[in-house]
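*Asks:* build the 3D model from these lines:
(chains A and B)
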Amino acid sequence: MKLKELEQLKNEGVDHISSIERRRFLKLGFLVTGVYLGGKALSLAPLTEAQAAEVVPPKGKYSYSPHYSMVIRERLCINCELCVEACNGTNDVPSYGYRTDILERRRAIVDDKYETIFMPVLCNHCNRPPCVRVCPTTATWKDETTGIVKMNPGRCIGCKTCMTACPYNARYFKEEGRFVDKCNFCYDTLLSKGAKETACVTACPADVRVFGDLADTNSRVYELLHTPETLVWVLRPKTGALPNVYYTNA
Amino acid sequence: MNGVMDSILPRTGGLEPSTAKGINVALMFFGIFTLVGIGFGVHSLVVGHEHTFGVSREVPWGALIAAYVFFVVTSTGLCIVSSVGHVFGIENFEPIAKRAVYMSIVTIVAGFIVIAFEIENTWRMPVGNVVGANLSSNIWWMGTLYGAYLVFMIGEFILLQKDSHKKAAYFGLAGLISGIAAHSNLGAVFGLLNGRPFWHGPYMPIYFIASAALSGCVTIIFCTYIAHKVNKWQMSYDQEKAMQSVAKMAALTIAILIFFTIWKVIAGVAGHPPGKVLAMEALLNGPYSINFWVGEIAFGMLIPFIIILAVRAKNMGALFIASFCAILGIFAMRYDLVILGQVIPHYYGMDMVDYPTLFSYKPTLHELMVAASGLTFCLFFLFLGEKLFRGHVTESH
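*Replies:* From the prediction side, this is the model:
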């Protein structure tokens, strides 16, 4: 329908408003909508620079210093759960919650047998953390120096969107303080006090968990991830979260 | 304040509200039930959700998020339906518009009440949302825009009561824009979560707007019919015409939703997309299949669609039944949408031992009572509104 024809139509009700006025207001409406959408697009744009699509970022492409990360040497895990105990004790984790856990997988092998694989899980301190994007009050954020995904308990409104957004089930609601709690690589309890390792790493008797600065080419994590002929993987890579917890059997 | 109220509340004109005792009893019942439901919510707030709600680490959003979505979808829908008459000047829709604006305010407030008890620390919101505003958060945009939306809709309603139709139309348009922006952001709250295959994609924001239109249509039919029935008002010719137009719009939106749903199912099953297909199986042939086939498909789409077509949108009683069925079905849609997105285990398909195929969630009495109090809140203010505003009749233009 042409606008001219529209203008000639009988006004059907709100007869105080002329077509021109209405159109002017609609334009304003579209402008406002454009600002909303533009704002949205701009707010998402910087995230695309986070990192390339590879599992392990190439040398020199680490966004933080120190770029804290953890390497899990999966085949060594015996499910003793000392890491979980140490984490709970160090970080005041209540009995109904956990910051780190060990999951069990079973794989068919030759001769009709099965092998059991223990898979430690924790917050992946993603480079593109979905939990951080969705938090309405920036109660959770990615630390600009260390890359650790941190929580400000006093700012958390308890909407639990971060829990829904996390691809790794790494968050739980801590009733005692009324906030969503999560692993922060023991930042407040150990790292900020000069410790070099997290509680779970120190407690592990099998040297499964290795923690360190990925940006430091002399670090053990760097070495493990860049050893020739080793396979390194992350959990749920297709979510695009770019995790900093790596798995290997080296 | 009295002066403002005097200019808003019509003393004469409109329809004479019934003084029947039954209406007062109903009002009292809805009022008390709402307060009891809020009491359940306050109890949960004090003792902690983990003791009273069915939500968990794995399924952090429960029936109250579904109820919240239900109410705000209805509110946005009512705003859309009212704007057809008030903002875009389609005369047929005018007789229902005032009631639609009023109920859009009531339903958004019901949504806010419900979400206030679902969020653990509501009191941290006013400061947190300003000091810590996160522009990449859909929840932040949704909350902020719905706040603006509420202001615009209240402004529109006051101006309509003052017969200031030109200014009211401006407010109506502002309400419509902020409502749709807010509502599509609510869809994006789900749609932009890459880790949740059932939700992820552009479908959610689009689906939310389309289903809002249906919600708005059937809710206004439901409310208008009940208002006339309980007050024993004869429906005017214009009002009946409006109901017919709205019913036709409802049929059209149902057709759109049927189309959406068919392709959602096909996209969820074809080629077995990882994660999504698990949700689809649960929906089509698993624990959520009754919700889906009986709730969503039969009540939400087919029954109302067939009724509206069968009576050619003319029989008011039939339209009321159709709208009631659709409202039930829409609630099932919201529930399935919210819960199903979360029950797919995070590490599906990795041969886990002692790991559920689907996470489970069951609403508790506390959750149901708070959700139901949202409904009784709406019914209370529907009945009260008819009394105070004398049938929301548009007197002049």
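
*Asks:* counting neighbours, what do you get for the residue nearest to B:Gly54 when sequence neighbours are not counted?
*Replies:* Closest residue in space to B:Gly54, ignoring its immediate chain neighbours: B:Thr364 at 4.6 Å, by C-beta to C-beta, 6 or more residues apart in numbering or on different chains. Yep, even glycine has a C-beta here, placed from its N, CA and C like the rest. Using other C-beta atoms under 10 Å in any protein chain shown, B:Thr364 has 18 other residues around it.

*Asks:* distance from stretch B:185-193 to the middle of the chain?
*Replies:* In terms of C-alpha atoms, centre = their mean, to the nearest Å, the gap separating the centre of stretch B:185-193 from the centre of its chain is 17 Å.

*Asks:* B:Lys162 contacts B:Ile8, doesn't it?
*Replies:* Yes - using C-beta atoms under 8 Å, B:Lys162 and B:Ile8 qualify as a contacting pair, with a distance of 6.9 Å.

*Asks:* separation between B:Met249 and chain A?
*Replies:* Separation of B:Met249 from chain A (C-beta to the nearest C-beta, to the nearest Å) stands at 16 Å.

*Asks:* identify the residues contacting the residue of the stretch 151-300 of chain B found nearest chain A.
*Replies:* Nearest residue of the stretch 151-300 of chain B to chain A: B:Gly195, at 3.1 Å (C-beta to the nearest C-beta). Contacts for B:Gly195 were tallied using C-beta atoms under 8 Å, 6 or more residues apart in numbering or on different chains; they are A:Pro130, A:Ala165, A:Cys166, A:Pro167, A:Tyr168, A:Arg236, A:Thr239, A:Ala241, B:His346.

*Asks:* ok, the nearest residue to B:Met235 once chain neighbours are set aside - contacts?
*Replies:* Nearest non-adjacent residue to B:Met235, counting by C-beta to C-beta, 6+ apart: B:His228, 5.2 Å away. When contacts are counted by C-beta under 8 Å, 6+ apart, B:His228 touches B:Gln234, B:Met235, B:Gln239, B:Gly391.

*Asks:* would you mind splitting chain A into its domains for me?
*Replies:* Listed by automatic domain parsing, the domain ranges of chain A are A:18-49, A:52-248.

*Asks:* so of these, which one's packed in deepest?
*Replies:* domain A:52-248 (a mean of 19; mean count of other C-beta atoms under 10 Å in any protein chain shown).

*Asks:* how close does whichever residue of chain A sits closest to chain B sit to B:Ile139?
*Replies:* Across chain A, no residue is closer to chain B than A:Gly158, which sits at 2.6 Å (C-beta to the nearest C-beta). Using C-beta to C-beta, to the nearest Å, we find A:Gly158 at a distance of 12 Å from B:Ile139.

*Asks:* A:Ala195 too?
*Replies:* From A:Ala195 to B:Ile139 the distance is 35 Å (C-beta to C-beta).

*Asks:* now swap in B:Ile297 and tell me
*Replies:* 30 Å.

*Asks:* coming back round to it: OK, contacts around the residue of chain A closest to chain B?
*Replies:* A:Gly158 touches A:Phe173, A:Arg178, A:Phe179, A:Val180, B:Ile119, B:Glu120, B:Asn121, B:Arg124, counting by C-beta under 8 Å, 6+ apart.

*Asks:* okay, now the closest residue to it other than its chain neighbours: neighbour count?
*Replies:* Sequence neighbours aside, B:Glu120 is the residue nearest to A:Gly158 in space, at 2.6 Å (criterion: C-beta to C-beta, 6+ apart). Around B:Glu120 there are 22 other residues, counting by other C-beta under 10 Å.

*Asks:* what pLDDT does B:Gly268 get?
*Replies:* Note for B:Gly268: predicted pLDDT of 93.

*Asks:* tell me which element it is part of?
*Replies:* In this structure, B:Gly268 sits in helix B:237-269 according to DSSP states H and E.

*Asks:* export stretch A:172-192 as PDB, just CAs?
*Replies:* Provided in PDB are the C-alpha atoms of stretch A:172-192 (Å, rounded to 0.1, in the frame of the first residue of the first chain):
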ATOM      1  CA  TYR A 172      26.200 -23.200  43.000                       C
ATOM      2  CA  PHE A 173      24.200 -20.900  45.300                       C
ATOM      3  CA  LYS A 174      25.800 -20.600  48.700                       C
ATOM      4  CA  GLU A 175      22.900 -20.000  51.100                       C
ATOM      5  CA  GLU A 176      25.100 -18.900  54.000                       C
ATOM      6  CA  GLY A 177      26.200 -15.700  52.200                       C
ATOM      7  CA  ARG A 178      23.300 -15.600  49.700                       C
ATOM      8  CA  PHE A 179      25.500 -15.500  46.600                       C
ATOM      9  CA  VAL A 180      26.600 -17.700  43.800                       C
ATOM     10  CA  ASP A 181      29.900 -19.300  44.800                       C
ATOM     11  CA  LYS A 182      32.500 -20.700  42.400                       C
ATOM     12  CA  CYS A 183      36.200 -21.700  42.100                       C
ATOM     13  CA  ASN A 184      38.500 -18.600  41.900                       C
ATOM     14  CA  PHE A 185      41.800 -20.600  41.800                       C
ATOM     15  CA  CYS A 186      41.900 -20.000  45.600                       C
ATOM     16  CA  TYR A 187      42.700 -16.400  44.900                       C
ATOM     17  CA  ASP A 188      41.400 -14.900  48.100                       C
ATOM     18  CA  THR A 189      42.500 -17.800  50.300                       C
ATOM     19  CA  LEU A 190      45.900 -18.700  48.900                       C
ATOM     20  CA  LEU A 191      47.200 -16.900  45.800                       C
ATOM     21  CA  SER A 192      46.700 -13.400  47.100                       C
END
